[in-house]
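Novice: task: produce atomic coordinates for the following.
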Amino acid sequence: MVIDSTGNVGIGTTTPASKLQVNGVVTNTVSTFTTSFTCGTSVIDYSTSNFQRLSPSNTIAAGTCDIGLTNLVAGGSYTLVVTGTAASNAIIYNFLGYTFKYLPANAATQAGKDTIYTFLYDGTTVYVTWSGGY
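Specialist: Next up is the predicted model:
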């Protein structure tokens with residue numbers, strides 16, 4: 001690892017061209033929400049990983065489910081994979097804690113299918129893209 005005279009950090013390189021340059025594979029951990037999940041009170045904490053998985057063990061009634069998000073950093077990209085249980089159908093997940101804009105418009109998930117949400121945070125707004133049915 002190298003820190004040059006301008007403050008650039010290089011891992012696997014002796015001549016970093018930016019504040020952080022990594023030459024090689026970067027490993028990220030997938031963090032799975034493991035505690036009992038409750039709509040309206042559960043929070044996904046992105047301080048442990050920028051890739052989170054939510055697989056609720058309990059049945060979630062059709063309708064709206066609010067989930068708090070914490071520890072997003074401006075300039076960051078985050079992913080959430082939500083696995084619907086066979087009995088959890090037509091759930092619209094709304095996210096709390098920031099200002100959110102969705103494209104496509106937020107809509108219901110499907111029972112027994114994965115829905116993937118991607119969050120891009122610019123320091124003011126979280127831009128959400130999502131796709132379901134996996």
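Novice: just for this protein, where's the confidence low?
Specialist: Scanning the chain for pLDDT under 70 picks out 27, 34-35, 57-58, 85-89.
Novice: domain-wise, how is the chain divided?
Specialist: Here the domain assignment for the chain is 1-26, 34-132, based on automatic domain parsing.
Novice: buried stuff in the shortest one?
Specialist: This means domain 1-26. 8, 10, 16 (16 or more other CB atoms under 10 Å). (Each C-beta comes from the backbone N, C-alpha and C, glycine too.)
Novice: how about the first one: what's its closest non-neighbour residue?
Specialist: So that's N8. P16 (4.0 Å; CB to CB, 6 or more residues apart in numbering).
Novice: show me what contacts the residue most central in space within the chain?
Specialist: Central residue of the chain (CA atoms, centre = their mean): T79, 3.1 Å from the mean position. Contacts for T79 (CB atoms under 8 Å, 6 or more residues apart in numbering) come out as 50-52, 116-119.
Novice: wait, which of these is closest to L69?
Specialist: In terms of CB to CB, no member of these lies closer to L69 than F119, at 7.2 Å.
Novice: show me which positions of the host helix or strand of I44 end up buried.
Specialist: Element membership of I44 [criterion: DSSP states H and E] is strand 43-45. The neighbour-count check on strand 43-45 (16+ other CB under 10 Å) flags I44 as buried.
Novice: tell me what it is packed against?
Specialist: Counting contacts by 3 or more CB pairs under 8 Å, 6 or more residues apart in numbering; DSSP states H and E, strand 43-45 is packed against strand 63-70.
Novice: just list whatever residues bridge to K101.
Specialist: Beta-bridge pairing of K101 under DSSP bridges involves Y127.
Novice: ok, it touching D122?
Specialist: No - assessed by CB atoms under 8 Å, K101 is found out of contact with D122, at 10.4 Å.
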